[in-house]
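1. Starting from these lines, generate the structure:
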Amino acid sequence: MRLPQAGDVDSPQATARKMELEMHPFPQRDARSDRPACDHHFLHTNVILRHASGASGEAEEHIEKILTEAAVAKRRVWVSSILFAELRPSMFVPGRFETLDGLTRYIRSLATLVTPDPNTMQRVARLRDAKWQRPEAVRAADERPRTMSLGDAIQIASALWVKEAGGVSDLKFVMFDDLGANEARGGRLSLLRLQDYAEDARANSDVMAAVRLTRIQPLHQARPVPQREPV
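-> Numbers count the residues shown, from 1 in each chain. Sure, this is the predicted structure:
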């Protein structure tokens, strides 16, 4: 077998593959174990933004644990590069981070950024084209189908890319979902409860993939339950 020489030029396919790996680096496997040396959290932008502004409430401890393990134990967290479009300078308020540049450097040093490729963006379009609707038996007479927002669709599709192309089968998509069980009709689609709006999911592979993606909210800090004397 001929060994590569110094003057060899990579094929177009090899060059494209190298560029893909640079854009979407995957965790390397530990030589001592068959498990990837990473954690399996994909953070919605609202988790990072709330953490930066100190608005995570009782879930702060859980988020801090995920980010600390990423920094100290070198566990990987995934974030969509759309996050940087959310960092409007006029909206930045010093808090946990004194400057916007400081927050940007923190994100770059900690998270693995996922930039969607054309195939992922086509999935985004299909997710936005899907009609998310509750079953007829439980929806109101004038209730209309919901549409996934562009930002949410990009993040869901990017998380699915990590899960499928990266082989991270137990990926957890972490987000804040502020919608109550009886949110206003025609409002924003709840990512946490996609399954409630997927009446025709089995006929749409992209909808099914999104529904099967593990979606969780950051855990609230556990509080002791007061004990009562037996009656």
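
2. What's opposite L43 in the beta bridge?
-> With DSSP bridges as the criterion, L43 is bridged to V79, V174.

3. Isn't it up against I66?
-> Yes - in this structure, L43 is within contact of I66 by C-beta atoms under 8 Å, at 7.5 Å. C-beta: built from backbone N, CA, C; applies to glycine.

4. which of those two has more neighbours?
-> Neighbour count, other C-beta atoms under 10 Å: between L43 and I66, L43 has more, with 27 against 19.

5. which residues are in contact with both of L43 and I66?
-> 77, 174 (C-beta atoms under 8 Å, 6 or more residues apart in numbering).

6. Does I48 lie in a helix or a strand, and which?
-> Remark: I48 resides in helix 45-53, with elements defined by DSSP states H and E.

7. Can you name the element that comes right after that helix?
-> The helix or strand immediately downstream of helix 45-53 is helix 60-72, counting by DSSP H and E.

8. got the angle between that following helix and helix 45-53?
-> Comparing the axes of helix 60-72 and helix 45-53 via axes from the mean of the first three to the mean of the last three C-alpha atoms, to 10 degrees yields an angle of 90 degrees.

9. what packs against helix 60-72?
-> helix 45-53, strand 77-80, helix 100-110 (3 or more C-beta pairs under 8 Å, 6 or more residues apart in numbering; DSSP states H and E).

10. Go ahead and measure how far the very next helix or strand once past the shortest one is from the middle of the chain.
-> To tie it back to what came earlier, the one meant is strand 77-80. Next helix or strand after strand 77-80 toward the C-terminus (DSSP H and E): helix 83-86. A distance of 13 Å separates the centroid of the chain from that of helix 83-86, by C-alpha atoms, centre = their mean, to the nearest Å.

11. What mean pLDDT does helix 83-86 get?
-> For helix 83-86, mean pLDDT rounds to 93.

12. for the nearest residue to A71 once chain neighbours are set aside, what are its contacts?
-> Excluding its sequence neighbours, the residue lying closest to A71 (C-beta to C-beta, 6 or more residues apart in numbering) is L110, at 5.8 Å. Neighbour list for L110: 67, 70-71, 77 [criterion: C-beta under 8 Å, 6+ apart].

13. Let me see the ranges of the strands in the protein.
-> 41-43, 77-80, 111-114, 172-174, 214-216 (DSSP state E).

14. Check which helices and strands the first one sits against.
-> Same thing as strand 41-43. strand 77-80, helix 150-165, strand 172-174.

15. Using a markdown table, lay out these together with distance to V138.
-> Listed next are the helices and strands packed on strand 41-43 as a markdown table, based on distance: least, C-beta to C-beta, whole Å:
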| stretch | distance to V138 |
| --- | --- |
| strand 77-80 | 32 |
| helix 150-165 | 22 |
| strand 172-174 | 25 |
